[in-house]
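K.L.:
Sequence plus predicted model, see below.
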Amino acid sequence: MKKITSISKHNWFIRFVKSVIRTFRKAPDIISSKEPLPNTAIFIANHCGAAGPISLNIYFPKILVPWGAHQMMENYSSRWSYLYQTFYRKKLKYSKLCSFILATLFGLISKILYNGVHLVATYPDIRVRETIENSLEHLRHQNSIVIFPEDSSGGYKDEIRSFHSGFVYLAYQFFKKTGTHIPIIPLYYHRKYGQILIGKAYTLANFSNTKNRKQIAEQFRIILNKMAKIYPSEL
């Protein structure tokens, strides 16, 4: 596991990229509940294609350490294959030509970008232990985590149909290690209206009627979908 420290700002290259994007991309409105953001939390958000992660990284008022596909931290061949086959073709439904061009170009700089935002690689096998250990170390250093739990195997949807429960497991492990509950805060990026909605903070204690991770994840899926349909005053 690479050394993890408290993150107060991104490196110069990420800051440069963000400043360039800001000149071409209108900042979304940040709409939150009355609660102040905690120092450290697990944030869960919709992906909204590539727009959600980009907007949160650039405009959210806190630095968030993202979870992401492990292929994006591997060699160029792995990155290109994941980008072309899975991300652009399968999830975003782009044409073969468009997917080929984007995967070829973005694959060249993607690892530098993901290293710059301190991406935590996620795995579908026993290596997920590394994901959890790295995430707990970030939380220990008061770095907040952002996770996109939606099952995007069929593409990204405005209304999320299924949630993976890894973020619940991370919260359980944090409680097991520290004896305290980590706040879990839902975020919804609304591309149509140019908004990032920040929901209220929950902890596992709010779901004391069950310890089933899938059931808790399902409750958060419902919460996130409701955020897409409510007025800011109802947050």
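P.N.:
Right, received. Where do you want to start?
K.L.:
and the residue positioned nearest the centre of the chain, bridged to which residues?
P.N.:
With distances taken as Cα atoms, centre = their mean, the residue of the chain nearest its centroid is residue 147 (3.3 Å). For residue 147, the beta-bridge partners are residue 44 (DSSP bridges).
K.L.:
Same check on residue 189?
P.N.:
residue 196.
K.L.:
hmm, back to that, surely the residue nearest to the centre of the chain meets residue 168?
P.N.:
No: with contact defined as Cβ atoms under 8 Å, residue 147 does not reach residue 168; the gap is 9.9 Å. The C-beta positions use only the backbone N, C-alpha and C, and glycine is treated the same way.
K.L.:
Any idea how far apart the tips of stretch 136-150 sit?
P.N.:
21 Å (Cα to Cα, to the nearest Å).
K.L.:
what's the single longest helix in the chain?
P.N.:
helix 96-116 (DSSP state H).
K.L.:
and the helix or strand that that one is followed by, which strands flank it?
P.N.:
Using DSSP states H and E, the helix or strand that follows helix 96-116 in sequence is strand 120-122. Strand 120-122 has the following sheet partners, assigned by DSSP bridges: strand 64-69 (parallel).
K.L.:
Give me the contacts around the partner strand.
P.N.:
For strand 64-69, contacts defined as Cβ atoms under 8 Å, 6 or more residues apart in numbering pick out 7, 43, 53, 56-57, 82, 86, 114, 117-122, 131, 135, 138, 143-148, 166.
K.L.:
Quick one: list the elements packing against the next helix or strand after that strand.
P.N.:
For strand 64-69, the following helix or strand on the C-terminal side (DSSP H and E) is helix 76-81. In this structure, helix 76-81 makes packing contacts with helix 96-116, judged by 3 or more Cβ pairs under 8 Å, 6 or more residues apart in numbering; DSSP states H and E.
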